[in-house]
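**Q** how would this look folded up:
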Amino acid sequence: MTRKHPWKRAERRGGCDDRKVWKIGGGTPAKSLISRMLGAMLSTAMIASVVVAGTASVAEAAPVNPYADLSITKLADGTGHGTNNASFVNSKNGFAPGDDTPTDGVVSSNDTVTYEQTIAFSAAGKRDVYVTYSDLGKYLAFESGSVCVAGNIVTTSWDGKTNTCTYSIRAGATETIRQVLVLRAQDTSGSVQEDQGFTVSVRKGSATADPYWQRTVDPVTVVSAPRVDLVLGDPGTVLEPDKDQLDMSLAEGQESSERTLTIKAKTLAHPGYSGTKGASTNVPWSATLDASSLPSGVVWGVKSGGTIQASADGRTVTLNGTGGDMKLTFKFPAMKWNDAPIGTSNTYDLHLRNVTVAPEPDSLPNNGDGTQPGDGKGRDDTTEDAATGAAKGWAYANNDWAHIIVTRPPDYHGAVDMKWLKRPFTLGKSMFDPSNKLFSKAQRELTVGYENGQDAFGAVAPGTQIAAIVGVLRSNIGENPNSTQKMVIGDS
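**A** Here you go, the predicted model:
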């Protein structure tokens, strides 16, 4: 319903009685004339005083009529009810309040709330009308493209900083614009968040003028519950740089640069329900990173997502996540290969142990029972589960395990050219397996040295994809600015 401006227009108060016009004529005694003149002056002063007071009252002008009527009504809070696309955070599963229907005032995180808005512009002069959506609930966010819809005649522009839509109307134009506002419910970290709504204001003149019309919409309650799977390492595809962070070449006595290891908080579905609605991953968690296979002296740090406490030798790291992903950093000390041949690769296992998600006593248990997929399983026991969407690990079957691989590169001291080979590589598979023959099937690319015509890493199966990298080692070539010779490197 369109509601008129709630504040009354200012009433003009004060005024003056009708007064006689005094005339000065002959025969009027001087004393009487002076008295009358003084009286007239006092009367004039009183009139001036009244007029000034009246002007001050009129200055408090009412908001300007934008000749625009707006109405807004909630259509639905949530989607998919009664289907396998519904939220699992409902009364049937023991949650109170539960997201049971599209009109119960409760919506799950990552689901949507919709409002129907109609704005009708009447014929008037050329003008800009400002519609502002203020006091937006912390756990609601407008979906892109659902607000500030233009008409056939009326044009619009959107200010995302103030959540203001400016409607520009030509003189004499009339148009009604109907649209559905879509807001997405945000992750509540497994808590109940009430009174999530917003206020709509209509103004003319500027976006900061007093509103001519204003209304707060019917609010909703946003709910969620923890559904987290912590995955050690986030390698992505075989060609993404993240995987290279855990695969490096270090010469004898060489320290590594700072590398990154990501612990990913991935969403798990509740079987029979939506894979995302109501599932919270932004919840605190704790775990221990078992890095006991690493050489002593690895230095650990944290980029984001929480705090850590590493043991003196770097082989045990206590992790406290604030919610969601955590990015760790690590640096290897000077590598000692002793008599290991060129091309040797050392694999160092990492294991995420003692995982606790949502550790607070009054928190909802993760996945309903306080566990996550890798708990209590061995390195080669898969965490893959089609019902919940849990994935297997990228390095091992259990996604709570990962590894760092360090390779001893060829010694190019004194050489002026070099050749490296890149090959597909998957740990634990035979050379004839497609995951060791094709880059698209492999866990990662393995870069190996090529020295004296021999593959330093060993044989590959027929049909294996190989990429050759050749180059010039400029650091081993003396500079001669007067030389016109060019070096050509080829491969066959």
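
**Q** the longest strand in this protein is where?
**A** strand 345-357 (DSSP state E).

**Q** Tell me which other helices or strands the next helix or strand after that one touches.
**A** With elements assigned by DSSP states H and E, the helix or strand that comes after strand 345-357 is strand 401-407. Helices and strands touching strand 401-407, by 3 or more Cβ pairs under 8 Å, 6 or more residues apart in numbering; DSSP states H and E, are strand 247-249, strand 345-357, strand 444-451. Placement of C-beta: from N, CA and C, glycine included.

**Q** returning to that earlier point: in its sheet, which strands sit next to the longest strand of the chain, and in what direction?
**A** strand 285-290 (antiparallel), strand 401-407 (antiparallel) (DSSP bridges).

**Q** Tell me how many other residues crowd Asp325.
**A** 18 (other Cβ atoms under 10 Å).

**Q** closest to Pro341 out of the strands paired with strand 345-357?
**A** In terms of Cβ to Cβ, the element of the strands paired with strand 345-357 nearest to Pro341 is strand 401-407, at 11.3 Å.

**Q** quick revisit: how far does the longest strand of the chain sit from the chain's center?
**A** Here the centre of strand 345-357 is set off from its chain's centre by 28 Å, with Cα atoms, centre = their mean, to the nearest Å.

**Q** That one: which residues count as buried?
**A** Using 16 or more other Cβ atoms under 10 Å as the burial criterion, the residues of strand 345-357 that qualify are 345-346, 348-352, 355, 357.

**Q** which among these gets closest to Asp290?
**A** Nearest to Asp290 among the buried residues of strand 345-357, counting by Cβ to Cβ, is His351 at 4.2 Å.

**Q** so how far is Cys165 from the residue nearest to that closest one when sequence neighbours are not counted?
**A** If the residues on either side of it in the chain are set aside, His351 comes closest to Asp290, at 4.2 Å by Cβ to Cβ, 6 or more residues apart in numbering. Separation of Asp290 from Cys165 (Cβ to Cβ, to the nearest Å) stands at 54 Å.

**Q** Glu143 too?
**A** Taken as Cβ to Cβ, the span from Glu143 to Cys165 is 14 Å.

**Q** and if you look at Ser144?
**A** 13 Å.

**Q** Settle it for me: which of those two has more neighbours?
**A** Cys165 (20 against 10).

**Q** Domains of the chain: list them as residue ranges, please.
**A** 1-60, 68-223, 228-409, 414-492 (automatic domain parsing).

**Q** Would you mind giving the ones you listed as TSV with mean pLDDT added?
**A** Converted to TSV, the domains of the chain look like this (pLDDT from 0 to 100):
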stretch	mean pLDDT
domain 1-60	39
domain 68-223	97
domain 228-409	91
domain 414-492	72
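
**Q** Helices of this structure, residue ranges please.
**A** Secondary structure of the chain (DSSP state H): helices at 30-58, 241-244.

**Q** can you list contacts of the longest strand of the chain?
**A** By Cβ atoms under 8 Å, 6 or more residues apart in numbering, the surrounding residues in contact with strand 345-357 are 226, 228, 230, 232-233, 261, 263, 283-291, 293-295, 366, 370, 372, 374-375, 379, 400-408, 427, 446, 457.

**Q** let's go with 7 Å and repeat that
**A** Residues outside strand 345-357 that contact it (Cβ atoms under 7 Å, 6 or more residues apart in numbering) are 226, 228, 230, 232, 263, 283, 285-291, 293-294, 366, 372, 374-375, 400-407, 427.

**Q** From the buried residues of strand 345-357, pick the one nearest Thr112.
**A** Distance to Thr112 across these (Cβ to Cβ) is lowest for Val357, with 26.3 Å.

**Q** Next up, the contacts around the closest residue to that closest one other than its chain neighbours.
**A** The shortest distance from Val357 to any non-neighbouring residue, by Cβ to Cβ, 6+ apart, is to Asn366 (3.7 Å). With contacts defined as Cβ under 7 Å, 6+ apart, the neighbours of Asn366 are 226, 228, 357-358, 372.

**Q** and those residues, which two are the farthest apart?
**A** With Cβ to Cβ as the measure, no two of the contacts of Asn366 lie farther apart than Ala358 and Gln372, at 10.6 Å.

**Q** Kind regards, and thank you for your time.
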